[in-house]
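**Student:** Fold the stuff below for me.
(2 chains)
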Amino acid sequence: MTLLDELSALLSAAFAQAGTDAAYGRVKRADRPDLAQFQCNGALAAAKATKQNPRALAGSVVEHLDQAAFADAAIAGPGFINLTLKDDWLSAQIGARAWKRPAPERIVIDYGGPNVAKPLHVGHLRAAIIGESLKRIARAVGDDVTGDAHLGDWGLQMGQLISELELRQPDLIYFDPSAEGPFPSDPPISLKDLEEMYPAASAACKADKDRADLARRATKALQDGRSGYRALWRHFVDLSIAAMKKDYADLGVDFDLWKGESDADPLIPEIGDDLTSRGLLEHSDGAEIIRVAREDDKKEVPPIIFRNSEGAVGYHATDIATIVDRIRTMAPDRMLYVVDARQRLHFEQVFRAVDRAGLFEESRLEHLWFGTMNGKDGKPFKTREGGTLKLRDFIDMVTDKARERLVENGLAEGYGDEETASIARMVGVAALKFADLSNPRTSDYVFDIDRFTSFEGKTGPYLLYARARIRSVLAKADQAGAGGAGDIVVAAPEERDLALALALFGDAVRDAYDKRLPHILCEHAFGLAQSFSKFYAACRVADEADNAVRASRIGLVEATGEQLDAIFDMLGIEAPDRM
RNA sequence: GUCCCCGUAGCUCAGCAGGAUAGAGCAUCAGAUUCCUAAUCUGAGGGCCGCAGGUUCGAAUCCUGCCGGGGACGCCA
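**Tutor:** Sure thing, here's the model as predicted:
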């Protein structure tokens, strides 16, 4: 149970005894910290519903309230109940509030979606960062979570690429219709070649209808199993995965599965048959479609193209087949998709289709969409030249900036080149990830490199710095033979504020988990770090003379360090021990 | 055209299961370091919460309309 849950339960009991619905007992942080730590507004709503005087009702609630936890419970204004905890009761909450899910679930989270042959770029950043964090939060609260990269390896872009290569190098053995496999597994195509061919092919198909038809036929041939095409495709996929793994690793993003659209392809024929037998698959303009519109739709929801007029499948069909694959291989309770907001209609369609087909309940499929990361001009982030910025270059950019800042501030000096480089990377990536995660998932936000690398205020580096100081002061205490942590006894206001922040950890985690919003955890982390900084500025720790006070403060510092570590883990942020 | 998201301090953003004096960071101004990392801390100024109605004892929050920005809308993903 979280702290707010426990306080709410106490208030609810009092509301029930006062003769009203216990649901009015919900407690939240006080809007007026000058007056109290917590407040309950339930008396106002309850009085309205039961036509009573709100202040009188609040008075009755307070009379029935179990006072064990409270130093003060006062009625204020029109009927607010202001609550302040006893210091010893508050202190006892620290460390006892790691919230766990009562009934853990098995979850698959899909947060990659990078395309084969296309380098990772800033457009993949948010899915990776948010998805990684949601995965870790879910794990931390007890869910059994599998993260899947779900590569874009089976759609039209593969046909575009293969047809492009065929036009350029028709003499390659892979294109000889009379040749029989097996084909050599090392086509003379490098990752660099792929990255150059992809945009060229895409542009050519856009400009020329005949060229586009060629790509569609190549897609169909690939999907039908033409072995020369398959050999090339395998090579393209392997090259791409190797490059992607490196980029994701540098970001601290780690997938359990590297499956792709193609892995679900073998299931398509039987799914098609099943849909047909259920009467869900219809023919329309030469394509096979599934209608998913509903009577009460406010908007027009177009049907899914299960197979196009060429007979090839696109990402609607592979997404459906992937759901079936996941059901069979993992039997999950829930599937989450961390994919940008523009895909909302797509997932609406897919979820409706699998629900209609009786495959998986729509309510257990969640599209956790996110907004775009924009440049200072308010438009999607681009390089100064207007091109797409590669993820690799982006990481290098923030790392370089972090290194500059370290030098400016005289930090990480004399640590040796290797450690300095490692600190710069962690600081840069932390700045980047915290900037992204501290914005609500659903908002667009402006990524201003100068602002977020300034390292002041609500930033990743501020958090890393707080943690480094915690490490440092604990080390100092240890060296001085200050003894270990003792019972936490809150006395100074800064100690009380820190204790309060620590005790609200469980609520922050639960809230972030329930709403799938990591920024709630970021807010908590920043508030905790701020409370720590204030405490640190006001209270001596390692060299405090009073033994009991010193032991108590060491306990507070240790608890703060442990909680920050837990938060960094859930956010997917790696922290250096010193900086 | 229809639908979706958004509009809060000079800037970037929280808050939106209705409630007290609307918060944070940055920027600006004024302070703090014989002492555990000053990337820190203390204080100040700064707001018709896009506009107009409605519901309510009470609206940044709920409803309607309008204005402005972004996005989606059958064979791309």
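**Student:** ok, and the closest non-adjacent residue to A:Gly371?
**Tutor:** Nearest in space to A:Gly371, with sequence neighbours left out and distances taken as C-beta to C-beta, 6 or more residues apart in numbering, is A:Asp444 at 3.7 Å. All C-beta atoms are positioned from the backbone trio N, CA, C, and that covers glycine.
**Student:** That neighbour reaches A:Trp369, doesn't it?
**Tutor:** No: when contacts are counted by C-beta atoms under 8 Å, A:Asp444 is not listed as touching A:Trp369 (11.5 Å).
**Student:** who touches both of those two?
**Tutor:** Common neighbours of A:Asp444 and A:Trp369, counting by C-beta atoms under 8 Å, 6 or more residues apart in numbering, are absent.
**Student:** Which of these two has more residues huddled nearby?
**Tutor:** Neighbours per residue, other C-beta atoms under 10 Å: of A:Asp444 and A:Trp369, the larger number sits with A:Trp369, 17 against 14.
**Student:** Please determine how far the more buried one is located from RNA strand B.
**Tutor:** Shown here: A:Trp369 relative to RNA strand B, a distance of 9 Å by C-beta to the nearest atom of the strand, to the nearest Å.
**Student:** Which pLDDT value goes with that residue?
**Tutor:** Turning to A:Trp369, the model gives it a pLDDT of 95.
**Student:** how about the residues of the stretch 51-200 of chain A near RNA strand B?
**Tutor:** Taking C-beta under 7 Å from any atom of the strand, the part of the stretch 51-200 of chain A that reaches RNA strand B is made up of A:Ala76, A:Gly77, A:Pro78, A:Phe80, A:Asn82, A:Gly113, A:Asn115, A:Gly152, A:Gly155, A:Leu156, A:Gln157.
**Student:** Assign whichever residue of the stretch 351-500 of chain A sits closest to RNA strand B to one of the three secondary structure states.
**Tutor:** The shortest separation between the stretch 351-500 of chain A and RNA strand B is 2.2 Å, found at A:Gly457 (distances taken as C-beta to the nearest atom of the strand). Three states are possible here, and by DSSP: H, G, I helix; E, B strand; the rest coil the one that applies to A:Gly457 is coil.
**Student:** Tell me, how many residues neighbour it?
**Tutor:** Here the number of neighbours of A:Gly457 (other C-beta under 10 Å) works out to 11.
**Student:** where does it land on pLDDT?
**Tutor:** The model reports A:Gly457 with a pLDDT of 91.
**Student:** next one: the one 4 residues further on
**Tutor:** Note for A:Pro461: predicted pLDDT of 94.
**Student:** Point me to the helix or strand that includes it.
**Tutor:** A:Pro461 is part of helix A:460-479, with elements assigned from DSSP states H and E.
**Student:** elements contacting that helix?
**Tutor:** Contacts defined by 3 or more C-beta pairs under 8 Å, 6 or more residues apart in numbering; DSSP states H and E place helix A:460-479 against helix A:417-437, helix A:518-538, helix A:547-571.
**Student:** Now find how far off-centre the second one is within its chain.
**Tutor:** Which is helix A:518-538. Using C-alpha atoms, centre = their mean, to the nearest Å, the mean C-alpha position of helix A:518-538 is found 20 Å from that of the whole chain.
**Student:** Contacts for it, please.
**Tutor:** Everything outside helix A:518-538 that qualifies as a contact, by C-beta under 8 Å, 6+ apart, is A:130, A:133-134, A:137, A:434, A:437-441, A:458, A:462-463, A:466, A:469-470, A:473, A:492, A:494-495, A:497-498, A:500-502, A:504-505, A:508-509, A:511-512, A:556-557, A:560, A:563-564, A:567, A:570-571.
**Student:** angle of it against helix A:417-437?
**Tutor:** Using axes from the mean of the first three to the mean of the last three C-alpha atoms, to 10 degrees, the inter-axis angle of helix A:518-538 relative to helix A:417-437 is 120 degrees.
**Student:** Which strands or helices does the helix or strand where A:Ala249 lies pack on?
**Tutor:** Secondary-structure element containing A:Ala249, defined by DSSP H and E: helix A:227-250. Counting contacts by 3+ C-beta pairs under 8 Å, 6+ apart, helix A:227-250 is packed against helix A:156-168, helix A:191-207, helix A:209-224, helix A:391-408.
**Student:** wait, doesn't A:His161 sit right on A:Pro199?
**Tutor:** Small correction: residue A:161 is Leu, not His. No: under the criterion of C-beta under 8 Å, A:Leu161 is not in contact with A:Pro199, lying 10.5 Å apart.
**Student:** Show me what the helix or strand where A:Leu134 lies packs onto, helices and strands only.
**Tutor:** Using DSSP H and E, A:Leu134 maps to helix A:125-140. Using 3+ C-beta pairs under 8 Å, 6+ apart as the contact criterion, the neighbours of helix A:125-140 among helices and strands are strand A:106-110, strand A:144-148, helix A:417-437, helix A:505-515, helix A:518-538, helix A:547-571.
**Student:** count of residues packed around A:Arg106?
**Tutor:** Neighbour count of A:Arg106, defined by other C-beta under 10 Å: 14.
**Student:** ok now do it, which residues does it touch?
**Tutor:** Taking C-beta under 8 Å, 6+ apart as the contact definition, A:Arg106 lies against A:Asp143, A:Asp144, A:Val145, A:Thr146, A:Met330, A:Ala331, A:Pro332, A:Asp333, A:Arg334.
**Student:** what about it, distance to RNA strand B?
**Tutor:** When distances are taken as C-beta to the nearest atom of the strand, A:Arg106 and RNA strand B turn out to be 26 Å apart.
**Student:** For that residue, name its beta-bridge partners.
**Tutor:** Taking DSSP bridges, one finds A:Asp144 as the beta-bridge partners of A:Arg106.
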